[in-house]
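Colleague: The amino acid sequence is not available; the structure is as follows:
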């Protein structure tokens, strides 16, 4: 499988993963993302996103070694950002300001 196809498949699986969906449900706005790929491998193993509302850095890890090479993403950690207000509240406030 070519690197481009492998990359697109890994990204699709990440966006469909339960952990990614859970972070979106909490209101995090996760755009793009930076993928790390180990030397000598075509399989992305870690992706970092920044939430544009709270500034949190949210990282996911691919546990492909334990899943026959298929991308299996899970939440690795969350750092930074402000815990004083949920992203969902910030997003709603941001939308209401834009509508005015």
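Modeller: Arrived safely. Quick caveat, the model's predicted, so the values are computed rather than measured.
Colleague: is it fair to say residue 23 lies in a helix?
Modeller: Yes - assessed with DSSP: H, G, I helix; E, B strand; the rest coil, residue 23 lies in a helix.
Colleague: list the contacts for the residue nearest to it when sequence neighbours are not counted?
Modeller: Using C-beta to C-beta, 6 or more residues apart in numbering and skipping the chain neighbours, the partner closest in space to residue 23 is residue 58 (5.8 Å). (Glycine included, C-beta is placed from N, CA and C.) Residue 58 sits next to 23, 28, 30, 48, 49, 50, 51, 75, 77, 78 when contact means C-beta atoms under 8 Å, 6 or more residues apart in numbering.
Colleague: go on, residue 22?
Modeller: Per C-beta under 8 Å, 6+ apart, neighbours of residue 22: residue 75.
Colleague: now do 7 Å
Modeller: Neighbour list for residue 22: empty [criterion: C-beta atoms under 7 Å, 6 or more residues apart in numbering].
Colleague: Name the residue closest to the centre of the chain, please.
Modeller: residue 49 (5.1 Å; C-alpha atoms, centre = their mean).
Colleague: Just list whatever residues bridge to it.
Modeller: residue 58 (DSSP bridges).
Colleague: so it makes contact with residue 33?
Modeller: Yes - contact criterion C-beta atoms under 7 Å: residue 49 and residue 33 qualify, at 4.5 Å.
Colleague: So what's the residue count around residue 94?
Modeller: 14 (other C-beta atoms under 10 Å).
Colleague: element containing it, please.
Modeller: helix 87-99 (DSSP states H and E).
Colleague: mind listing what's buried in that helix?
Modeller: 87, 90, 91 (16 or more other C-beta atoms under 10 Å).
Colleague: How about the last one, nearest residue that isn't a chain neighbour?
Modeller: Read it as residue 91. residue 27 (5.2 Å).
Colleague: residue ranges of the strands in this protein, please?
Modeller: 34-36, 46-50, 57-62, 73-79 (DSSP state E).
Colleague: looking at the ones you listed, which has the lowest confidence?
Modeller: Lowest mean pLDDT within the strands of the chain: strand 34-36, a mean of 77.
Colleague: Let me see the confidence value for residue 88.
Modeller: For residue 88, pLDDT reads 74.
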